[in-house]
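let's see this in three dimensions:
(6 chains)
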Protein chains: 4
Amino acid sequence: MARPGDPSAKSRLLKAAEAVFIERGLDRAKVDDIAQAAGLSKGSFYLHFKSKDEAFKEILGGVLGVLGENLGQIEASREEWAGRTFEQLVEYWFEQDLKIFEYIWERRALMRLVLEGGGSPDYQHLMNLFAQRAEDTVAGFIRYGMERGYYRSDIDPVHAATFVAGGYDRVARRLVREPVRPDIRLWIAEAQSLCLRGLGTQAFVTSATNFYMKVLSDALGRKSTA
Amino acid sequence: MARPGDPSAKSRLLKAAEAVFIERGLDRAKVDDIAQAAGLSKGSFYLHFKSKDEAFKEILGGVLGVLGENLGQIEASREEWAGRTFEQLVEYWFEQDLKIFEYIWERRALMRLVLEGGGSPDYQHLMNLFAQRAEDTVAGFIRYGMERGYYRSDIDPVHAATFVAGGYDRVARRLVREPVRPDIRLWIAEAQSLCLRGLGTQAFVTSATNFYMKVLSDALGRKSTA
Amino acid sequence: MARPGDPSAKSRLLKAAEAVFIERGLDRAKVDDIAQAAGLSKGSFYLHFKSKDEAFKEILGGVLGVLGENLGQIEASREEWAGRTFEQLVEYWFEQDLKIFEYIWERRALMRLVLEGGGSPDYQHLMNLFAQRAEDTVAGFIRYGMERGYYRSDIDPVHAATFVAGGYDRVARRLVREPVRPDIRLWIAEAQSLCLRGLGTQAFVTSATNFYMKVLSDALGRKSTA
Amino acid sequence: MARPGDPSAKSRLLKAAEAVFIERGLDRAKVDDIAQAAGLSKGSFYLHFKSKDEAFKEILGGVLGVLGENLGQIEASREEWAGRTFEQLVEYWFEQDLKIFEYIWERRALMRLVLEGGGSPDYQHLMNLFAQRAEDTVAGFIRYGMERGYYRSDIDPVHAATFVAGGYDRVARRLVREPVRPDIRLWIAEAQSLCLRGLGTQAFVTSATNFYMKVLSDALGRKSTA
DNA sequence: CATGAATGAGGGTTCATTCAT
DNA sequence: TATGAATGAACCCTCATTCAT
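Residues are numbered from 1 along each chain as shown, chains lettered A, B, ... in the order given. Model (predicted):
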């Protein structure tokens, strides 16, 4: 029996699909279950998606898109950096990472599915595409930092970016598996601190350390009161 | 066509099944692939297992059995505890946990599959059974400790056991996802230390702390030389 | 969304349906394609036709109707035949057949679909119905011819009609598959000549032969100048 | 319920598939029907064919293979032609074409399906491949005939082959639609005669004409006695 | 009348399971 | 015991048809 055209149909299907994919994985997720979870029929699913895989790709694209936009914003903001102090840049970087990791945390169930290949190896290339994008962004930063004298001049930006991006990836993979919300600020502070200590010139490291010390002591404060 | 009866057939099938389950998950694992990986035919698989699920259950039962045996040994050894000192008991406990977690680490690929439901929710109850068993064992210990005066007398052994067993479970889940072998002794020391500090009487904690201090400083030593 | 009521809607749909049926066959023709080819929506299609099959039946009915009308006209004209000469009758018969075969040629793409069952055996009975109708008409003629002494008296009109109708059918089937327009007059002359030679009395055959000779020599003339 | 392994299963499936394809076309043919017509289940069909299309391709490949072999034999026999007279060559050519057209006639139901695209346009390219092959063979002949002086020297072999191959194709297409076995010898004689008259030098045509006259008069003899 | 989102039966394909050899 | 052809349930996807707007 037909229903009135419902403009929310697709978003309801996406939501339902996400839930079912998260619960059962790409393979065990039945299109029928997704459709019914959205209050629709199997046929309707195919009005909005070419295939089950397509729906998964769209969900995947959604999160990768948000993450990509964040990377884009960071890159776009580079022009404004010229007038800032070390401390301001470190803080800006910190806030950006925080935003990204908060998003990952919020959508951790899906992100976990995504990071683990969606129950299928067929989508690894999308992840790889995004990983490359992230690595390129990191490489751009490292080059910028080297030009400004923040980072040591003997660094190979590409190799360093590979390493740093790999580190972030690992942190994200751990984050999505945390049973309870960890202190994300602390995680980031640790990761960034590591990067800075690894890459930075003496002056920059000293400068940045103050910022991270504060974050860490705040974190300890939170921990001890928690 | 027929091959000579091979007594190793079943164990080869189990090994092959484990490998294929780990690689592809329960669903994507084809019986044909398992049989061929064991150098046998699909038909032979069914001579040894009632179904694919049965084979999975048997593998699952294997690891849970080993873990269960460990729990059994601990429980069985309780009679011998009477004549031991605090320190000896703590050390004994530590060694038992170490043995269990080493086993989990060795079979981490399979354990991961197991802990994550084998790619299917159908086996969660087996996991739950084992979890209950572990929780009961823990509760038994807590009661024993309370009787002996090691643990505070205001503890609810069941609630406490739930919490402690949950903690261990989480540690195991993290362990099976570690990309490189972590310092398992350190992990256990931290977990046990937490339990003891949470549960123990003052005297017992002080006593045990020496042991854990040693483990921790050994761990730091390992880390700094690594 | 809604368009103004358009009285041409149904005829546009019929035209579009015919085109799509011819191009893709009954099965592969999608209602959506038909509707869009008519500049309408799927829903509109169902305002005018109960089903896709119904639309096909209507198209089929259209051509069979035209052909049937021709048969009807021939039968209805029988009263006027009394006053005519052999030659006039032969010529009249020739012109009627010509009209029918010209129509078949004009609509050969559709007729081919029709004659081949519309890509589906479900409509064979409609064809059979028409075939029966044609055969009955032929039988009526044969009886008329026998009464008048044109045809031999030892003919079984039903059997003969079956044969003759089958012959015509075959000619039609061949016609619709001709890549270029053949000399339809010639085809008819040959078919009719065959019928007459098979059925007619000596006097009638002689009489009619003159007519066919003329057609044939005209045909040769056309061929030689073409 | 399992049956004993039957080595004839695939050939029975092919036979059944051919029958069902011929009866219903590629689209309306259900795999289930094919399997059951072969006394097997749907699943068994997929033991022998990757897909329904694959089965069709295999059948198609079978007939095109036989036809291709015939072309191959003709080409391979060219070395032996040197010592022969015109008449012998013409007769040889005639017999080869006869063999091919007899085969087409024997398998006309399938050939018709093939020539009409199998109810689907997806296999046209296989037909086109074969058509090209045939055209190339014809072109080879024309070149040979020109070298030997049988054919006029002002011919473009490629263009001529295109025309001749197209003619043969049309003859085949008509043949497969004949309701009763036509006089294939006559058809070939007419086609070849046309080719020879179109292509041959005066001497060759005269020479060949005798042969064809004989075939034609035999055909008339057959017709008049039939 | 027109629309197009919604429906669900139908059929292709996969693969766990059976069983005659 | 070992084999692998045969089976058929299950699930994805298509598209004719319905109906609220």
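
neighbours around the residue in chain A that chain B sits nearest to, how many?
Ranked by C-beta to the nearest C-beta, the top residue of chain A for proximity to chain B is residue A:27, at 5.2 Å. For the C-beta atoms, the positions are set from N, CA and C on the backbone; glycine is no exception. The number of residues packed near residue A:27 is 16, by other C-beta atoms under 10 Å in any protein chain shown.

list the contacts of the strand or helix carrying it.
In the assignment (DSSP states H and E), residue A:27 maps to helix A:9-28. With C-beta atoms under 8 Å, 6 or more residues apart in numbering or on different chains as the contact definition, helix A:9-28 has outside contacts at A:6, A:29-30, A:33-35, A:37-40, A:44-45, A:47-49, A:52-53, A:55-56, A:58-59, A:62, A:109-110, A:112-113, A:118-120, B:25, B:27-28, B:119-121.

quick one: buried ones out of those residues?
Of the members of the contacts of helix A:9-28, the ones counted as buried by neighbours, 16 or more other C-beta atoms under 10 Å in any protein chain shown, are A:29, A:33-35, A:37-38, A:40, A:44-45, A:48-49, A:52, A:55-56, A:58-59, A:110, A:112-113, A:118-119, B:25, B:27-28, B:119-120.

out of these, which sit inside helices?
Using DSSP state H, A:33-35, A:37, A:44-45, A:48, A:52, A:55-56, A:58-59, A:110, A:112-113, B:25, B:27-28 are the members of those that sit in helices.

quick one on the thing from earlier: now the helix holding residue A:27: average pLDDT?
For helix A:9-28, mean pLDDT is 89.

equivalent analysis for stretch A:210-221, please.
Along stretch A:210-221, the predicted local confidence has a mean pLDDT of 74.

quick one: buried residues of that stretch?
Under the neighbour-count criterion of 16+ other C-beta under 10 Å, stretch A:210-221 has A:211, A:212, A:215, A:216, A:219 buried.

low-confidence regions, chain A specifically.
Within chain A, the ranges that satisfy pLDDT under 70 run A:1-7, A:117-122, A:219-220, A:222-226.

now check the helix holding residue A:27, is it near DNA strand E?
Yes. Interface with DNA strand E: helix A:9-28 contributes residue A:9 (C-beta under 7 Å from any atom of the strand).

residues near residue A:171, how many?
Look at residue A:171: counted by other C-beta under 10 Å, it has 17 neighbours.

check contacts around it.
Applying C-beta under 8 Å, 6+ apart, one finds that residue A:171 lies in contact with A:101, A:187, A:191.

adding neighbour count, write those residues out as CSV.
Below are these laid out as CSV (neighbours: other C-beta atoms under 10 Å in any protein chain shown):
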residue, neighbour count
A:101, 20
A:187, 20
A:191, 17
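
and the residue in chain A that DNA strand E sits nearest to, what does it touch?
Shortest chain A-to-DNA strand E distance, computed as C-beta to the nearest atom of the strand: residue-wise this is residue A:43, at 1.9 Å. Neighbour list for residue A:43: residue A:35 [criterion: C-beta under 8 Å, 6+ apart].

residue numbers of chain A in contact with chain C?
Chain A has no residues near chain C, with proximity defined as C-beta under 8 Å from any C-beta of the partner chain.

how is chain A carved up into domains?
Structural domains annotated on chain A: A:1-49, A:59-225, as defined by automatic domain parsing.

can the longest one be found next to DNA strand F?
When you say that, I think you mean domain A:59-225. No. Judged by C-beta under 7 Å from any atom of the strand, domain A:59-225 makes no contact with DNA strand F; its nearest approach is 11.6 Å.

wondering if that domain reaches DNA strand E at all.
No. With C-beta under 7 Å from any atom of the strand as the criterion, DNA strand E is not reached by domain A:59-225; the gap is at least 11.5 Å.

for the helix holding residue A:27, list every residue counted as buried.
Using 16+ other C-beta under 10 Å as the test for burial, helix A:9-28 gives A:9-10, A:12-14, A:16-22, A:24-28.

got phi/psi on residue A:200?
Per-residue torsions, residue A:200: phi -80, psi 160 (degrees, to the nearest 10).

what about it, neighbour count?
The burial metric for residue A:200, expressed as a neighbour count using other C-beta under 10 Å, is 23.

that one is in contact with residue A:151, isn't it?
Yes. A contact is recorded between residue A:200 and residue A:151 when judged using C-beta atoms under 8 Å, the distance being 5.8 Å.

overlap of the contact sets of these two?
In contact with both residue A:200 and residue A:151: residue A:145, using C-beta under 8 Å, 6+ apart.

if I look at the nearest residue to residue A:44 once chain neighbours are set aside, how far off is residue A:113?
If you skip the residues right next to it in sequence, residue A:44 has residue A:35 as its closest partner in space, 6.0 Å away by C-beta to C-beta, 6 or more residues apart in numbering or on different chains. Counting by C-beta to C-beta, to the nearest Å, the gap between residue A:35 and residue A:113 amounts to 19 Å.

okay, now the residue in chain A that chain D sits nearest to: neighbour count?
Proximity of chain A to chain D (C-beta to the nearest C-beta) peaks at residue A:51, 17.7 Å away. If you count neighbours by other C-beta under 10 Å, residue A:51 ends up with 11.

same thing with residue A:132?
By other C-beta under 10 Å, the burial measure for residue A:132, its neighbour count, is 11.

any idea how far it lies from residue A:125?
10 Å.

phi, psi of residue A:151?
With angles defined as degrees, to the nearest 10, residue A:151 shows backbone torsions of phi -110, psi 160.

who's in contact with it?
Under the criterion of C-beta under 8 Å, 6+ apart, the neighbours of residue A:151 are A:142, A:145, A:199, A:200, A:201, A:204.

so what's the last one up against?
When contacts are counted by C-beta under 8 Å, 6+ apart, residue A:204 touches A:86, A:149, A:150, A:151, A:196.

isn't the second one right up against residue A:207?
Spelled out, that is residue A:149. No. Contact criterion C-beta under 8 Å: residue A:149 and residue A:207 do not qualify, at 11.7 Å.

between these two, who's got more neighbours?
For the pair residue A:149 and residue A:207, the greater number of neighbours falls to residue A:207 (18 against 12), based on other C-beta under 10 Å.
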